[in-house]
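> from the sequence below, what's the structure:
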Amino acid sequence: MSPALAVDLVRHAVTLALLVASPLLATALLVGIVVSVIQAVTQIQEQALTFVPKLLAMSAIFVLLLPWLLGQLVSYLAGLLRSLPTLAS
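Here you go, the predicted structure:
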C-alpha cells in the first residue's frame, strides 16, 4: 500500500466521521445555546436544566437520522471491502 493511498483512506474515514457526527454535535450546540439564554434571562442555574433538553434533542435527532447515518457507514464499509483486494497487493 502506498503512502498516498493510506492518506486518502484516512482522509475519507475522518471526513465520514465528521459528516456522521455533525448533526448530533450541531443539535447539542443549538440546544445548549438556547438553554443558556433561557437560564441567563430567568437566572435559574440548574445543571439538570442543561443536560435533559440536550439529551432529549440528541436522542430525537439520532432516531430520525439513524437510517441516513447507517447508510453512510454501510456504503463506506462496502466500498472499503470492495477495494480490499487492491489494498492487499
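> worst-scoring helix or strand of the protein, pLDDT-wise?
One helix or strand of the chain scores below all others by mean pLDDT, DSSP states H and E: helix 84-88, with a mean of 81.
> hmm, who's touching that helix?
Applying C-beta atoms under 8 Å, 6 or more residues apart in numbering, the set of residues contacting helix 84-88 from outside is 1, 5, 9. For every residue, glycine as well, the C-beta is placed using N, CA and C.
> any idea which helix or strand carries L56?
Element membership for L56 (DSSP states H and E) is helix 47-82.
> same question for that helix, mean pLDDT?
For helix 47-82, mean pLDDT is 93.
> how about stretch 57-66: buried residues?
57-58, 61, 65 (16 or more other C-beta atoms under 10 Å).
> determine the longest helix present in this protein.
helix 3-42 (DSSP state H).
> how far away from the center of its chain is it?
5 Å (C-alpha atoms, centre = their mean, to the nearest Å).
> mind listing what's buried along it?
20, 23-24, 27-28, 31, 35.
> nearest to L80, of the residues you listed?
Closest approach between these and L80, by C-beta to C-beta: V20, at 14.9 Å.
> thought the closest one was touching G71?
No: at 10.3 Å, V20 does not count as touching G71 under the criterion of C-beta atoms under 8 Å.
> which residues do the two both contact?
Common neighbours of V20 and G71 (C-beta under 8 Å, 6+ apart) do not exist.
> any idea which residue is closest to the centre of the protein?
A21 (0.8 Å; C-alpha atoms, centre = their mean).
> confidence score at that one?
95.
> show me what contacts it?
Per C-beta under 8 Å, 6+ apart, neighbours of A21: none.
> from Q47, how far off is it?
24 Å (C-beta to C-beta, to the nearest Å).
> again, but for H12
Taking C-beta to C-beta, one finds H12 at 39 Å from Q47.
> list the helices and strands the helix holding L56 packs on?
helix 3-42 (3 or more C-beta pairs under 8 Å, 6 or more residues apart in numbering; DSSP states H and E).
> many thanks, we can stop here.
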